[in-house]
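Asker: pasting the structure only:
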């Protein structure tokens, strides 16, 4: 790799997060189709279609953001951008998987609804966006 700061080694965590974001995008399309076309009785909760659509919205926006953040990491502080990507991936998975399982199956973990995991994912998503912002504010070291 040259010493040119515009050269970006697209490997490791950034490649992984880009691929994960692309898979999230594909999953979002599938889940969006399910949310739109499943009969009402297939949802485990009364407002399941709406809940699933909300989860799909978050999934799709963060799939795009994860791909963009991975590709744009060369313009950011690498360590913070990497942390933002991984945090965004974890938050998206926690939020969207729990919302999907709740809408389609009303899944329980013991006596608690799996939907109680979603706020942890949402918190990680907020943190990921703040890390992304911080990675752009700080001067990239040479």
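Answerer: Structure received. None of these values were measured; they are calculated from a predicted model.

Asker: Can you point out the buried residues in the longest helix belonging to the chain?
Answerer: For the chain, the helix with the greatest residue count under DSSP state H is helix 78-105. Judged by neighbour count using 16 or more other Cβ atoms under 10 Å, the buried positions of helix 78-105 are 78, 80-104. Every C-beta, even on glycine, is put in place using the N, C-alpha and C of the backbone.

Asker: Likewise for stretch 12-22?
Answerer: 13-14, 17-18, 20-21.

Asker: Check the offset of the host helix or strand of residue 69 from the chain's centre.
Answerer: In this structure, residue 69 is located in helix 48-72 according to DSSP states H and E. Taking Cα atoms, centre = their mean, to the nearest Å, the mean C-alpha location of helix 48-72 is offset from the chain mean by 6 Å.

Asker: could you say what helices and strands that helix packs with?
Answerer: Applying 3 or more Cβ pairs under 8 Å, 6 or more residues apart in numbering; DSSP states H and E, we find helix 48-72 packed against helix 12-37, helix 78-105, helix 118-137.

Asker: Tell me which of these approaches residue 48 most closely.
Answerer: Closest approach to residue 48 among those is made by helix 78-105 (4.2 Å; Cβ to Cβ).

Asker: ok and the closest one relative to helix 118-137, angle-wise?
Answerer: 160 degrees (axes from the mean of the first three to the mean of the last three Cα atoms, to 10 degrees).

Asker: Next SSE downstream of helix 78-105?
Answerer: Moving toward the C-terminus from helix 78-105, the next helix or strand (DSSP H and E) is strand 108-109.
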